[in-house]
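Sequence first, then the predicted structure:
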Amino acid sequence: MPDFSAAMTSDKTFHLSDYRGRKIVLYFYPKDNTPGCTTEGIRFRELYPEFQAADAEIFGVSRDSLRSHENFRAKLEMPFQLISDPEETLCSMFDVIRSKTMYGKAVRGIDRSTFIIDASGRLVKEWRGVKVPGHVDEVLEFVKALP
């Protein structure tokens with residue numbers, strides 16, 4: 001993966017190169033404070049200690065503002081950072097923007113997706129069109145199996 005950077009919560013900037021030597025879980029989700037995204041965030045929070053034990057760091061990504069992310073993160077007591085991508089830079093890099101139908105209307109939005117970047121900075125796994133139930137557990141099992 002090429003190095004990239006993006007604004008994230010806690011007044012920090014994400015730089016992929018800062019995490020060389022660690023596994024990265026980058027999960028893209030449609031919108032803060034929506035049912036599926038809340039459920040997914042809570043499950044990542046619940047399993048966070050196990051991800052840490054597997055030498056993995058988690059980052060959630062959506063097009064929401066940093067302010068929205070800070071509120072969502074505080075509400076769910078997330079121990080990991082959220083990346084704000086309002087310009088869709090990372091969304092484009094990972095090709096997660098799709099046309100969807102919501103309440104009978106065509107909209108552009110993030111296709112729930114998760115990517116694993118290994119300790120050497122290589123993209124080694126991707127899940128697209130993710131259904132929330134069981135997904136975070138599957139991601140954890142994959143991460144644990146990585147060297």
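Okay, I see it. Numbering: from 1, shown residues only.

who does the helix-or-strand element of the chain with minimal mean pLDDT pair up with?
Every helix and strand in the chain was compared by mean pLDDT, DSSP states H and E; the lowest is strand 97-102, with a mean of 85. Counting by DSSP bridges, the strands paired with strand 97-102 are strand 105-110 (antiparallel).

Pull out the buried residues from the partner strand.
109-110 (16 or more other Cβ atoms under 10 Å). C-beta: built from backbone N, CA, C; applies to glycine.

Paired strands for the helix or strand just after it, with orientation please.
Per DSSP states H and E, strand 105-110 leads on to strand 113-117 as the next helix or strand towards the C-terminus. Strand 113-117 pairs in its sheet with strand 23-28 (antiparallel), strand 123-127 (antiparallel), by DSSP bridges.

Convert the C-alpha atoms of the shortest one to CSV, please.
Read it as strand 123-127. These are the backbone C-alpha positions of strand 123-127, laid out as CSV (Å, rounded to 0.1, in the frame of the first residue of the first chain):
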residue,chain,number,x,y,z
LEU,A,123,-3.1,-5.2,1.7
VAL,A,124,-3.7,-8.9,2.5
LYS,A,125,-7.5,-9.2,2.8
GLU,A,126,-10.7,-7.4,2.0
TRP,A,127,-14.3,-7.9,2.7
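
Please name the nearest non-neighbouring residue to the most centrally placed residue in the chain.
Closest residue to the average C-alpha location of the chain: Tyr27 at 2.1 Å, with Cα atoms, centre = their mean. Leaving aside its chain neighbours, Tyr27 sits nearest to Thr114 (4.4 Å; criterion: Cβ to Cβ, 6 or more residues apart in numbering).

Gly121 too?
Nearest non-adjacent residue to Gly121, counting by Cβ to Cβ, 6+ apart: Met1, 5.4 Å away.

and what of Val130?
Of all residues not flanking Val130 in the chain, Arg112 sits nearest, at 4.2 Å (Cβ to Cβ, 6+ apart).

ok, now Leu66?
Distance criterion Cβ to Cβ, 6+ apart; nearest residue to Leu66, sequence neighbours excluded, is Ser84 at 4.7 Å.
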